[in-house]
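**Student:** Have a look at this prediction, sequence included:
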Amino acid sequence: MPQLITRDVLERSLNWDAYFQLMKDMVAQPVGVYADEKMHRYTQSNLQRTELVLDKMVLNQKLYNALSELKDEWVWLMISEPWCGDASWGATALHILSTATDNIDLRILLRDTNPDIMQAYQTNGANAIPKLVCLRKSNLAELGTWGPRPQVLQALVNEMKADPSIEFKENVRRLHAWYEADMTASIQDEILDLIREWKTK
């Protein structure tokens with residue numbers, strides 16, 4: 001089977017600055033899907049959440065140590081979109097983590113224009129984002145994945161979806177309230193465990 005994530009794929013991906021600028025641009029002058037009133041409103045809220053994480057996230061010391069002690073060079077390829085609420089928390093957290101070491105190159109691939117890659121990294125048959133793929137930089141061998149949510153939150157989301165008495169808006173409110181209270185602590189715990197695993201490969 002041919003390798004799906006190639007150097008060409010990485011070349012068309014974005015760095016964090018370009019991705020964050022895209023989010024701000026789509027809030028300021030929405031085009032395409034962002035011109036839809038609902039999607040524009042989502043993206044406005046996501047920009048606020050992204051800025052909150054950038055301002056408030058505190059890096060777990062054990063995770064910082066694991067990142068700073070990383071010897072191998074990795075690419076973290078993240079599939080995301082500025083309109084995605086989960087990504088406003090998860091993608092931003094992963095960006096901050098990647099800045100703790102020179103050995104991780106974070107690249108962001110937009111989900112909607114890369115359906116073949118998104119399909120290969122579905123979660124339970126869904127195109128759920130953000131989705132992180134960790135690759136060894138030297139040969140792009142896949143070491144593992146994470147996403148789209150911390151497992152404890154995914155369990156909560158499953159419970160809410162199974163309860164027809166909870167309206168969609170209330171589900172969304174609870175989701176983001178959980179993220180804000182947790183402020184990426186659960187994401188960091190999971191990434192720490194994964195880094196320890198990926199280092200052995």
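**Tutor:** Good, I have the coordinates. Residues are numbered from 1 along each chain as shown.

**Student:** just the strands in this structure please.
**Tutor:** Counting by DSSP state E, the chain has strands at residues 74-80, 104-110, 131-136, 142-146.

**Student:** of those, which approaches Phe20 most closely?
**Tutor:** Closest approach to Phe20 among the strands of the chain is made by strand 104-110 (9.5 Å; CB to CB). C-beta coordinates here come from the backbone N, C-alpha and C atoms, glycine included.

**Student:** Could you name the helices and strands sitting against that closest one?
**Tutor:** helix 16-28, strand 74-80, helix 85-98 (3 or more CB pairs under 8 Å, 6 or more residues apart in numbering; DSSP states H and E).

**Student:** could you redo the last one with a cut-off of 10 Å?
**Tutor:** Judged by 3 or more CB pairs under 10 Å, 6 or more residues apart in numbering; DSSP states H and E, strand 104-110 is in contact with helix 7-11, helix 16-28, strand 74-80, helix 85-98, helix 115-120, strand 131-136.

**Student:** Nearest to Pro150, out of the ones you listed?
**Tutor:** helix 85-98 (8.3 Å).

**Student:** how about the CA coordinates for that closest one, as CSV?
**Tutor:** What follows is helix 85-98 as a C-alpha-only set of coordinates in CSV (Å, rounded to 0.1, in the frame of the first residue of the first chain):
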residue,chain,number,x,y,z
GLY,A,85,-15.3,23.9,18.1
ASP,A,86,-13.2,20.9,19.4
ALA,A,87,-10.3,22.2,17.4
SER,A,88,-10.3,25.5,19.1
TRP,A,89,-9.2,23.7,22.2
GLY,A,90,-7.3,20.7,21.0
ALA,A,91,-5.5,22.2,18.0
THR,A,92,-4.4,25.1,20.1
ALA,A,93,-3.1,22.9,22.9
LEU,A,94,-1.1,20.8,20.4
HIS,A,95,0.4,23.9,18.9
ILE,A,96,1.6,25.0,22.4
LEU,A,97,3.0,21.6,23.1
SER,A,98,4.9,21.6,19.9
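
**Student:** and the helix or strand bottoming out on mean pLDDT in the chain, which residues are buried?
**Tutor:** In the chain, the helix or strand scored least confidently by mean pLDDT, DSSP states H and E is helix 151-162, which has a mean of 91. Of the residues in helix 151-162, 153-154, 156-157 count as buried by neighbour count, 16 or more other CB atoms under 10 Å.
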